[in-house]
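Peer 1: just to be clear, the model below is a prediction. Sequence and coordinates:
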Amino acid sequence: MPSITLRALLRPKSGSSPAIAALCQAVGNNIGIVDSSGKLLLGETSAETPAAHSRVPILFDEATLGFVVGPAAPASALAMLLTHLAAREAEGRALAAEVLHLYREVHLIEQLSEQLAALLNLSAVGESALAQARRLIPATHGGILVADSAESPLRSAASFGGASGPLTPSSNFATSIHQRGVAEIVNNCAADPRALDSERELGALICAPLRAGQRTVGLIALANAAAGAAYSAADLKLLNTIALQTAAAIENSFLCAEMVDAARDREQLIAIQKELDTARTIQHLLVPRTFPPFPERTDFELHAQMNSARAVGGDFFDFFLIDEDRLGVVIGDVSGKGIPAALFMAVTRTQVKTTALRGMPPAECFLEVNRVLVQERVSAMFATCFYGLLNLRTGEFHYCSAGHNPPYLLRAEGGAAEPISDVGGIPLGLFDGMGYTGSTVYLRPGDSLFLYTDGVPEAQNMAENDLSDERLMALLSANTSLSCKELIHFVTREVSAFTNGAPQSDDITMLSIRRLGNAVSQAQAS
């Protein structure tokens with residue numbers, strides 16, 4: 001089997017090449033893919049690689065196919081994706097070799113026993129059996145009817161001398177032979193009460209059941225419309241012998257088809273599972289994982305957590321300091337599943353962060369990000385997203401929502417939780433030219449915000465009941481004094497207790513931030 005090369009994976013005709021190129025472009029400049037000799041295959045790298053850049057190897061089968069050169073997190077994710085694609089290519093080749101070996105093995109085994117058993121295609125088996133029968137037994141018409149299972153009706157597998165041979169699947173003769181499993185000669189079809197109108201001109205008819213083990217898989221029938229034609233016991237014995245060979249070959253064709261289907265299903269299941277595992281890994285590599293993220297800051301606390309479902313849905317979150325006084329927080333949910341959702345998540349997260357770090361208000365940020373995503377769209381995916389900008393000195397929280405669940409504001413005084421006003425616009429990546437509206441709330445010292453994706457209120461128990469927004473708000477209202485980390489862990493436990501072992505159908509992502517700075521004026525806080 002030819003070896004796997006990075007150049008082959010990235011060739012223009014490869015199905016994964018456009019997605020890899022789009023991901024490289026979305027991540028930004030100075031990220032490239034080189035082969036093991038250092039030759040650039042995709043993307044770009046500068047002659048003087050920044051010290052923050054990494055050279056991440058693309059490993060497969062104890063060999064280094066090449067490297068991804070660029071910032072550490074996206075380079076690691078891209079290297080892992082390329083390793084996954086190499087594994088998928090190798091598995092596809094191995095499966096093709098396995099199926100080819102299966103056909104050859106069955107062919108050789110059956111070639112040692114009977115001529116017909118070497119044929120694995122049902123139609124070919126039927127035609128070969130009829131050709132052999134026709135050479136040995138005089139006939140003007142012939143046909144083979146089969147049933148795929150004990151409960152399946154008869155259907156035509158091969159015939160000559162007419163569209164469906166001497167007998168149709170609804171023939172009384174065919175039904176009788178199939179049910180009784182006994183061969184029969186009818187030398188005067190016109191006088192037989194079972195004959196259909198189309199069968200009275202057949203003259204002589206000879207039928208034998210196709211028995212494979214304890215099951216009758218169908219029947220073979222010959223007819224001779226020549227005047228005075230008749231079949232003998234010797235003809236019946238010969239047809240029974242042909243039927244025995246044919247039945248074994250037909251059963252083998254059924255088994256072979258089942259094995260090929262099983263191999264194909266296994267390949268698809270393995271590919272789906274590996275895709276989901278890779279998507280889950282990419283998803284977790286591209287979100288912050290160190291908490292507390294800013295241990296030197298005493299004016300706020302922050303914690304976040306993401307629990308991926310088995311079918312990855314593309315949740316993401318991020319946070320970053322614009323300057324000493326302003327902290328940005330982002331949470332989002334990409335439509336779709338698997339690697340495509342993970343890639344679109346990576347592109348969306350990168351665009352939002354890159355644009356937000358320019359210091360523009362959330363509504364303007366989303367307007368710019370949406371324009372870029374729509375113009376460069378390579379799929380029908382979109383993302384709901386929430387971006388908020390907290391002034392740590394004054395407590396002003398400017399925000400905008402792109403079709404995302406509104407966060408909850410938890411007041412330190414009064415112990416209440418309520419959703420903030422749901423303002424913004426449509427999800428990112430749907431349509432260009434749509435405006436976004438921002439709004440502002442004030443956080444007093446001790447107040448906190450709880451951001452989440454729809455996997456929290458839509459978590460279901462065994463009875464398929466949702467946790468619901470009402471239950472979530474009640475849980476938050478009763479625990480406004482908890483730290484950000486404690487609050488998220490508390491909600492996680494409550495969701496787990498509610499679902500009580502029911503499968504998790506969507507990602508569950510939460511982010512909480514609490515202001516610990518000096519008090520602001522009562523006029524601002526109201």
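Peer 2: Good, I have the coordinates.

Peer 1: roughly how far apart are Gln460 and Asn500?
Peer 2: When distance is defined by CB to CB, to the nearest Å, Gln460 is 10 Å away from Asn500. C-betas here are computed from N, CA, C, even on glycine.

Peer 1: who has more neighbours, those two?
Peer 2: Gln460 (16 against 9; other CB atoms under 10 Å).

Peer 1: hey, what's the more buried one bridged with?
Peer 2: Gln460 forms beta bridges with Asp466, as assigned by DSSP bridges.

Peer 1: who are the contact partners of it?
Peer 2: For Gln460, the contact set (CB atoms under 8 Å, 6 or more residues apart in numbering) comprises 466-467, 499, 502, 505.

Peer 1: most surrounded residue in these?
Peer 2: For those, the largest number of neighbours (other CB under 10 Å) sits with Leu467, at 20 neighbours.

Peer 1: mind listing what's buried in stretch 293-302?
Peer 2: By neighbour count with 16 or more other CB atoms under 10 Å, stretch 293-302 contains the buried residues 293-294, 297, 300-302.

Peer 1: closest one of the contacts of Gln460 to Phe344?
Peer 2: Ranking those by separation from Phe344, with CB to CB as the measure, puts Ser505 on top at 19.6 Å.

Peer 1: from what I can see that closest one touches Ala309, true?
Peer 2: Yes: contact status for Ser505 versus Ala309: in contact at 6.0 Å, counting by CB atoms under 8 Å.

Peer 1: overlap in contacts, the two.
Peer 2: Counting by CB under 8 Å, 6+ apart, the residues touching both Ser505 and Ala309 are Gly455.

Peer 1: pretty sure Asp192 is touching Val186, no?
Peer 2: Yes: counting by CB under 8 Å, Asp192 sits close enough to Val186 to count as a contact (5.4 Å).

Peer 1: give the partner strands of the helix or strand containing His303 in its sheet and their orientations.
Peer 2: Secondary structure here is read from DSSP states H and E; on that basis His303 sits in strand 300-307. Based on DSSP bridges, the pairing partners of strand 300-307 within the sheet are strand 508-515 (antiparallel).

Peer 1: longest helix of this structure?
Peer 2: Residue-count comparison of every helix in the chain, with assignments taken from DSSP state H, identifies helix 233-285 as the longest.

Peer 1: so what does that helix touch, helix or strand wise?
Peer 2: helix 72-113, helix 122-136, strand 184-186, strand 204-212, strand 215-224, helix 338-356 (3 or more CB pairs under 8 Å, 6 or more residues apart in numbering; DSSP states H and E).

Peer 1: quick one: closest of the ones you listed to Glu376.
Peer 2: Of all those, it is helix 338-356 that lies closest to Glu376, at 8.2 Å by CB to CB.

Peer 1: the stretch 351-500 of the chain: helices as residue ranges?
Peer 2: Using DSSP state H, counting those that start in this stretch, the helices of the stretch 351-500 of the chain run over 362-375, 469-477, 484-499.

Peer 1: quick one: average confidence on the longest one?
Peer 2: Across helix 484-499, pLDDT averages out at 95.

Peer 1: just the residues contacting that helix, thanks.
Peer 2: Residues external to helix 484-499 that are found in contact with it (CB under 8 Å, 6+ apart): 291, 301-305, 307, 410, 448, 450, 456, 459-462, 467, 471-472, 475-476, 479, 482, 508, 510, 512-514.

Peer 1: try the shortest one
Peer 2: Counting contacts by CB under 8 Å, 6+ apart, the residues outside helix 469-477 that touch it are 408, 410, 415-419, 450, 452, 456-457, 487, 490-491, 494, 498.

Peer 1: could you rerun that using 10 Å?
Peer 2: By CB atoms under 10 Å, 6 or more residues apart in numbering, the residues outside helix 469-477 that reach it are 405-406, 408-411, 414-419, 448, 450, 452, 454, 456-459, 466-468, 482, 487, 490-491, 494-495, 498, 512.

Peer 1: where does the stretch 351-500 of the chain dip in pLDDT?
Peer 2: Across the stretch 351-500 of the chain, the ranges flagged by pLDDT under 70 are 378.

Peer 1: show me how the protein divides into domains.
Peer 2: The chain resolves into domains spanning 6-108, 123-245, 288-525 when parsed by automatic domain parsing.

Peer 1: in TSV, list those domains along with distance to Arg266.
Peer 2: Conversion of the domains of the chain to TSV gives the following (distance: least, CB to CB, whole Å):
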stretch	distance to Arg266
domain 6-108	8
domain 123-245	22
domain 288-525	18
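
Peer 1: nearest to Asn252, of the ones you listed?
Peer 2: Proximity to Asn252 (CB to CB) singles out domain 6-108 among these, at 6.7 Å.

Peer 1: which residue packs closest to Gly403, ignoring adjacent ones?
Peer 2: Spatial nearest neighbour of Gly403, excluding adjacent residues (CB to CB, 6 or more residues apart in numbering): Pro427 at 3.9 Å.

Peer 1: buried among the contacts of helix 484-499? Make that a ChimeraX selection.
Peer 2: In ChimeraX syntax, the buried subset of those is picked out as below (16+ other CB under 10 Å):
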select :301,302,303,304,305,307,410,448,450,456,459,460,467,471,472,475,476,479,482,508,510,512,513,514
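
Peer 1: any idea what Phe319 is bridged to?
Peer 2: On the basis of DSSP bridges, Phe319 is bridged to Val329.

Peer 1: list the contacts for Asn188?
Peer 2: Under the criterion of CB under 10 Å, 6+ apart, the contact list for Asn188 reads 195, 200, 202-205, 230.

Peer 1: meant to ask about Ser3
Peer 2: So Ser3 contacts 60-61, 63, 65, 90 (CB under 10 Å, 6+ apart).

Peer 1: in helices, which of these fall?
Peer 2: Those of the contacts of Ser3 mapping onto helices are Ala90, per DSSP H.

Peer 1: columns pLDDT and neighbour count on top of the contacts of Ser3, output as JSON lines?
Peer 2: Output for the contacts of Ser3, formatted as JSON lines (pLDDT from 0 to 100; neighbours: other CB atoms under 10 Å):
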{"residue": "Phe60", "pLDDT": "84", "neighbour count": "22"}
{"residue": "Asp61", "pLDDT": "81", "neighbour count": "11"}
{"residue": "Ala63", "pLDDT": "85", "neighbour count": "12"}
{"residue": "Leu65", "pLDDT": "86", "neighbour count": "23"}
{"residue": "Ala90", "pLDDT": "81", "neighbour count": "15"}
